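Engineer: this is the structure alone, sequence omitted:
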């Protein structure tokens, strides 16, 4: 019956309640169908005899017809919103399923392996750079009056030449490089060549203050040279 009065263009005046089988249709205080009755009718849960009475009332009451249309539109909007939310939730579930399927333990292991190889290659390149690809910095260290503290760039191979003028002559000297707190960075032994003892630091040094120390064969400290790494 709803299809019938929705298609036709009715203009009726509201009437009072009708009586059928002794049951009276629920009306609001203004003589129209109550909102509860219209809600139940829109949801299809209104039973007889109230169903028949309400449909007869709707045939004559344009105000209740409009109210029922508003209720139907509200229900339709709620169903559409619920359908959209359900669709979005289903899309998220499918996306998570695809991601979970892709990130299996075996595939994750392959990815981690590739990352490790890439990091290893980068570390090897960085490690080789100061020793094989970068030329060494040559410095002459002296302790004579007026000599200045020498500076050198950080992490560059160093070739240190220590002046031994005025020191006792030995076949070999012990040489070490220490940082500002005395921690040994490198050690070696070397003979005098052209009035100097040479020491190579192939890995270079980090920024900071350092000292090159020259010892006798009995490890007696003979001389200390300052060095600043920038």
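Structural biologist: Yep, it's here. Because the structure is predicted, anything quoted here is derived from the model rather than measured.
Engineer: okay, and the helix or strand of this protein with the least pLDDT?
Structural biologist: None of the helices or strands of the chain scores lower by mean pLDDT, DSSP states H and E than strand 19-20, at a mean of 36.
Engineer: please name the nearest non-neighbouring residue to residue 150.
Structural biologist: Excluding its sequence neighbours, the residue lying closest to residue 150 (C-beta to C-beta, 6 or more residues apart in numbering) is residue 139, at 5.0 Å. C-betas here are computed from N, CA, C, even on glycine.
Engineer: quickly find the element holding the one you found.
Structural biologist: Secondary structure from DSSP states H and E places residue 139 in strand 137-141.
Engineer: returning to that earlier point: isn't the residue nearest to residue 150 right up against residue 152?
Structural biologist: Yes - with contacts counted by C-beta atoms under 8 Å, residue 139 reaches residue 152, the gap being 5.9 Å.
Engineer: what is the biggest helix by length in the chain packed up against?
Structural biologist: If you go by DSSP state H, the chain has its longest helix at helix 62-102. Of the remaining helices and strands, those touching helix 62-102 by 3 or more C-beta pairs under 8 Å, 6 or more residues apart in numbering; DSSP states H and E are helix 2-7, helix 35-43, helix 50-60.
Engineer: now distance to residue 68, mean pLDDT and mean neighbour count too, for these, in TSV please.
Structural biologist: Below are the helices and strands packed on helix 62-102 laid out as TSV (distance: least, C-beta to C-beta, whole Å; pLDDT from 0 to 100; neighbours: other C-beta atoms under 10 Å):
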stretch	distance to residue 68	mean pLDDT	mean neighbour count
helix 2-7	8	48	12
helix 35-43	5	86	17
helix 50-60	7	87	19
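Engineer: could you redo the ones you listed as a markdown table and give each row distance to residue 196?
Structural biologist: Output for the helices and strands packed on helix 62-102, formatted as a markdown table (distance: least, C-beta to C-beta, whole Å):
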| stretch | distance to residue 196 |
| --- | --- |
| helix 2-7 | 109 |
| helix 35-43 | 102 |
| helix 50-60 | 114 |
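Engineer: between those, which gets nearest to residue 135?
Structural biologist: Of all the helices and strands packed on helix 62-102, helix 35-43 sits nearest to residue 135, with 87.5 Å by C-beta to C-beta.
Engineer: list the helices and strands the closest one packs on?
Structural biologist: If you count contacts as 3+ C-beta pairs under 8 Å, 6+ apart, helix 35-43 packs onto helix 50-60, helix 62-102.
Engineer: which strands or helices does the first one pack on?
Structural biologist: So the one you mean is helix 50-60. The contact analysis (3+ C-beta pairs under 8 Å, 6+ apart) places helix 50-60 against helix 2-7, strand 19-20, strand 23-24, helix 35-43, helix 62-102.
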